[in-house]
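*Asks:* I would like to see how this sequence folds:
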Amino acid sequence: MIRLLLIAGLIVWTNAAPPLRNQQEQAAQAAQQHDQQAQTGHANDQQTTTPQDDGSKHGYQFTYQKYLEEVVKILESDPKFNEKMRGMNEADIKAGNIADQIHDLDSSVFDRLHKAKLDEIERLREQIQKQIEVDGGSHNIKMPDHIDVEQWDKFGKEDLRKLIKKTVQDMETIDVERKKDFKEYEMKKKAEEDHKLAQMDAQERERALREAEEAKKRHNEHEKLKHPGGREQLEEVWEEKDHLDKDSYDPKTFFALHDLNGDGYWNDDELEALFQLELEKMYNETDSDDDPRERMEEMYRMREHVSKQMDKNGDRLISLEEFLHDTEAQADDGKDEGWKDLGQEQVYTDKELEEFEREYAKEQGWGEHAYETSTAAYQQPVQPVVDHNQQPVHNAVPPQQAQAQQVHQAPIEQHPPVQTGQQQPYEQQQPLKVDTPKDPSYGI
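*Replies:* Got it, this is the predicted structure:
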């Protein structure tokens, strides 16, 4: 398989590692999403992502996916083109400069590429027609930028150049959006937790905070994590997953065992498969304390870290040569530096959370005091229980307020008690207007 397959994001799922948990559900969701898109007639080349709130695996999905896969399949069939690919550096490939080499392709290969382009143009034509019908005009039509629109009937070097550049751009956009979505997911969890706590009384809130702290403690009670891509972490996979003797660890054999599609490189899926042991130390599918989406994001963080560590030419692939020359993967010095998981990292800043909570409260209609834990501002005065056989007392106050006044106010001049049957002046006879007696705890 040529390097173009993963460099430009031409990742065909059938060539990837065995599916992780929920990947069949993801494929079904992607198919449903594709059908809905065809029905609504959105004719654009914007990439789409798979929802991950349930912890399903993130994947690259494009509206031009079928065309992308067909072009890769055709180019892979030409040995001379494969050889030229291997001699190019990563920067030239990402820039689409490999397109300048397609003039040597066999005529039969060009015929297949022409047909693939015509099929893609027909798909776009149908979607554009549907969008015009939905919108009542062509004002929302966007010209595709993954094909050469100057030459509709033939596949040329500009078609390949545009396809590579568009796919690389879309992959990078999807990665950025994934991180942004995860940050918002975490802030949403915190906002809902804070709002829920604000609705509790002091005793309930204390109990809820204690339970949350205990859950966090249980989640963090795991053995020390090994550094992803380090010698000790890889040897643990060799011993626990490959069921081989630790002392017989051989880097070349290990690489071959985990090059699951046999193309000579580790791709994203093959890398992620190496981290499952570490993830299992932190996350348990049956434990309600563990968030499956956080597990998935942790896996992406590990994969991105190891790619940055080993992938010296930035082509999103790990070659055997890169693996063997990586100092962390090969260092057998017993100095594993471990790994800081999401719980030890700051996903968002205090300012970001404050701004998010304010907007989220507006969206939910929670009001301005959505996260205030004090209910003093909303308490109604507690009325005293009145004995109608006694004379009314001038300026009577609720017991709680009277007690507070004794502490915070200057002493009040005392008046002699009123004798039974004695008529008081008019200004001392104003009776209190008393509501129906209430429970003293009302409003607290």
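
*Asks:* Now do the contacts for residue 306.
*Replies:* Each residue near residue 306 by C-beta atoms under 8 Å, 6 or more residues apart in numbering is listed here: 228-229, 271, 274, 318. Any C-beta I mention is one placed from the backbone N, CA and C, and that applies to glycine too.

*Asks:* Just the element for the residue most central in space within the chain, please.
*Replies:* Residue closest to the mean C-alpha point of the chain, counted by C-alpha atoms, centre = their mean, is residue 182 at 2.5 Å. If you go by DSSP states H and E, residue 182 is part of helix 157-198.

*Asks:* Now that helix: average pLDDT?
*Replies:* Across helix 157-198, pLDDT averages out at 94.

*Asks:* Check stretch 219-235 too.
*Replies:* For stretch 219-235, the per-residue pLDDT averages 91.

*Asks:* how far does it stretch from start to finish?
*Replies:* End-to-end distance of stretch 219-235: 25 Å, with C-alpha to C-alpha, to the nearest Å as the criterion.

*Asks:* the strands in the stretch 151-300 of the chain, which residues?
*Replies:* With DSSP state E, counting those that start in this stretch as the criterion, the stretch 151-300 of the chain has strands at 265-266.

*Asks:* Burial check on the residue nearest to residue 195 when sequence neighbours are not counted, number of neighbours?
*Replies:* Counting by C-beta to C-beta, 6 or more residues apart in numbering, residue 370 is the residue found nearest to residue 195 once chain neighbours are left out, at 5.2 Å. Neighbour count for residue 370, taken as other C-beta atoms under 10 Å: 18.

*Asks:* Could you do residue 126 as well?
*Replies:* For residue 126, using other C-beta under 10 Å, the count is 13.

*Asks:* That one sits in which helix or strand?
*Replies:* Following DSSP H and E, one finds residue 126 within helix 107-135.

*Asks:* which intervals of this structure have sub-threshold pLDDT?
*Replies:* Residue ranges of the chain with pLDDT under 70: 1-58, 90, 374-444.

*Asks:* Kindly state the domain boundaries assigned to it.
*Replies:* For the chain, automatic domain parsing gives the domain ranges 4-173, 223-345.

*Asks:* what would these look like in TSV with distance to residue 209?
*Replies:* Conversion of the domains of the chain to TSV gives the following (distance: least, C-beta to C-beta, whole Å):
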stretch	distance to residue 209
domain 4-173	25
domain 223-345	15
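
*Asks:* what's the closest of these to residue 361?
*Replies:* domain 4-173 (20.6 Å; C-beta to C-beta).

*Asks:* which residues in the stretch 201-350 of the chain form helices?
*Replies:* For the stretch 201-350 of the chain, the helices defined by DSSP state H, counting those that start in this stretch cover 202-220, 231-240, 251-258, 268-273, 276-282, 292-310, 320-324, 327-330, 350-364.

*Asks:* Flag every buried residue along the fifth one.
*Replies:* Residues of helix 276-282 classed as buried under the neighbour-count rule (16 or more other C-beta atoms under 10 Å) are 278-279, 282.

*Asks:* Now flag whichever of those residues is closest to residue 145.
*Replies:* Nearest to residue 145, judged by C-beta to C-beta, of the buried residues of helix 276-282 is residue 279 at 37.5 Å.

*Asks:* Please report the distance of residue 152 from residue 303.
*Replies:* Residue 152 sits 39 Å away from residue 303, going by C-beta to C-beta, to the nearest Å.

*Asks:* So which of the two has more stuff around it?
*Replies:* Shown here are residue 152 and residue 303; by other C-beta under 10 Å, residue 303 has more neighbours (20 against 10).

*Asks:* Return the residues in contact with the more buried one.
*Replies:* By C-beta under 8 Å, 6+ apart, residue 303 lies in contact with 228, 268, 271-272, 275.

*Asks:* give me that answer again for 7 Å
*Replies:* By C-beta atoms under 7 Å, 6 or more residues apart in numbering, the contact set of residue 303 is 268, 271-272.

*Asks:* Out of those, who's the most crowded?
*Replies:* Compared across those, residue 271 has the highest neighbour count, 25 neighbours, by other C-beta under 10 Å.

*Asks:* what's the closest non-adjacent residue to that one?
*Replies:* Nearest residue to residue 271, sequence neighbours excluded (C-beta to C-beta, 6+ apart): residue 303, at 4.9 Å.

*Asks:* Skip the chain neighbours and tell me the closest residue to the residue nearest to the centre of the chain.
*Replies:* Residue nearest to residue 182 in three dimensions, not counting chain neighbours: residue 297, with 5.0 Å by C-beta to C-beta, 6+ apart.

*Asks:* can I assume residue 96 is in contact with residue 164?
*Replies:* Yes - counting by C-beta atoms under 7 Å, residue 164 is a contact partner of residue 96 at 4.3 Å.
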